[in-house]
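Student: fold the following for me, if possible:
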Amino acid sequence: MTDPSALYERVQSEVGTVLIGKDELVEALTVSLLTRGHILLEGVPGVAKTTLANLFARATGLEYNRIQMTPDILPADITGTYIYREQEGSFELQRGPVFANLIVADEINRATPKTQSALLEAMQERHVTIEGNTLELPDPFMVIATQNPIEMEGTFELPEAQRDRFQVKLSVDLPDREEEGELLDRFDADPTLGPDGVERVVTIEELQEAREVVQSVHVADAVREYILDIVAATRSNPDIDHGASPRASIAFLNTAKARAAIHGREYVIPDDVKTMAAPILSHRLVLSTDAELGNVSRSQVVEDVLSTVETPSSKAVAEAAPAEE
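Tutor: So this is what the prediction gives:
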């Protein structure tokens, strides 16, 4: 049985041959891959959002397709359509780019709501319907959507219900001076450095085995109650009009188990839940009008929510974990 921690270490090491300072993002990508989740990446242009997804796909051996979202792209451009072949006198299915293991929807907020919905339906159902025929998508199947937070003209913001389909939202920040300096040195030594130089370090069989290990990770009752308390607190916080949905509770459970597994533990600790709080909640919360007028950020609200919920003792959680055989 493949150890998730070993799998994560191999992927992180291989991606790190090109990118610098993205360990937390690679961890979150691995967590979502092991739990069948989808990711929303947000960052200014040039911070390697698409490159990160490409590197991750190559390191994990996933078939990768990138879709550049624009206002004129149609749902059929993503899912596919039937094309009439005059010579054969029949229709032939032309599969769209969604039929791959890892899809990067670049600048998803530039696509129209109709096209966004087609992709988000595929994310949720893991199949597409083309002219009445339902076709299963590959397994594993993962969507990484990117968006630029500083250029809103000509964009279509994802509605709350659609943002909820993404397991986590990650912010890709600018590197610090030291990291950027090291990046310059790498590209000075090898101007062609990029995803093409990354090798596959994980097989599909190893990925499936690692997923089974994640499912077996123990969650103590105290941690389960901690998750429920956090989600409940988002629904009663005065700065939040609409709190997290039950889908957020499930995301907490699954990602916490995966994070525990890739860090070599057979049980979840409160820090696993706390670490995933901002990525899981930040895009799901609908702030009140007063909070928005007061320039209260979602990250601040998440911190406030966590501060109001009592954290269970890690020692008590560890003692409640099943004994090793």
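Student: quick one, what contacts A278?
Tutor: A278 makes contacts with S299, V302, as judged by C-beta atoms under 8 Å, 6 or more residues apart in numbering. Any C-beta I mention is one placed from the backbone N, CA and C, and that applies to glycine too.
Student: give me the secondary structure label for it.
Tutor: At A278 the chain is in helix, as set by DSSP: H, G, I helix; E, B strand; the rest coil.
Student: can you check the pLDDT for it?
Tutor: Per-residue confidence at A278 stands at 96 (pLDDT).
Student: likewise A323?
Tutor: 62.
Student: just the strands from the chain, written as ranges.
Tutor: Taking DSSP state E as the criterion, the chain carries its strands at 39-42, 64-68, 80-85, 90-95, 102-106, 127-130, 133-136, 142-147, 168-171, 240-242, 286-287.
Student: tell me which of those lies nearest to R265.
Tutor: Ranking those by proximity to R265 (C-beta to C-beta) places strand 168-171 first, at 19.9 Å.
Student: show me which positions of the closest one end up buried.
Tutor: Within strand 168-171, the residues that count as buried by 16 or more other C-beta atoms under 10 Å are V168, K169, L170.
Student: nearest spatial neighbour of P140, skipping sequence neighbours?
Tutor: Nearest residue to P140, sequence neighbours excluded (C-beta to C-beta, 6 or more residues apart in numbering): N101, at 5.4 Å.
Student: and that neighbour, how far is that from S245?
Tutor: Distance of N101 to S245, computed by C-beta to C-beta, to the nearest Å: 27 Å.
Student: neighbour count: those two, which is higher?
Tutor: N101 (20 against 16; other C-beta atoms under 10 Å).
Student: list the contacts of that one.
Tutor: N101 neighbours (C-beta under 8 Å, 6+ apart): A57, L62, E63, Y64, P138, P140, F141, M142.
Student: mind checking which of those are buried?
Tutor: A57, L62, Y64, P140, F141, M142.
Student: hey, what's the last one bridged with?
Tutor: By that I understand M142. M142 has these beta-bridge partners by DSSP bridges: L102.
Student: and the gap between it and A57?
Tutor: For M142, the distance to A57 - C-beta to C-beta - is 9 Å.
Student: identify the contacts common to those two.
Tutor: Residues touching both M142 and A57 comprise N101, L102, with contact defined as C-beta under 8 Å, 6+ apart.
Student: what about this structure, any weak spots by pLDDT?
Tutor: Within the chain, the segments meeting pLDDT under 70 span 152-154, 314-316, 318-325.
Student: what residue of it is the furthest out?
Tutor: Distance from the C-alpha centroid of the chain peaks at Q87, with 43.9 Å (C-alpha atoms, centre = their mean).
Student: and it, its phi and psi?
Tutor: The phi/psi pair for Q87 (degrees, to the nearest 10) reads phi -60, psi -40.
Student: what about it, distance to E182?
Tutor: For Q87, the distance to E182 (C-beta to C-beta) stands at 56 Å.
Student: swap in V172?
Tutor: Counting by C-beta to C-beta, the gap from V172 to E182 is 17 Å.
Student: what's the answer for G194, then?
Tutor: According to C-beta to C-beta, G194 stands 16 Å off from E182.
Student: what do you get for G96?
Tutor: Relative to E182, and taking C-beta to C-beta, G96 is found at 39 Å.
Student: how about H242, nearest residue that isn't a chain neighbour?
Tutor: Of all residues beyond its chain neighbours, the one nearest H242 is V286 (3.9 Å), with distances taken as C-beta to C-beta, 6+ apart.
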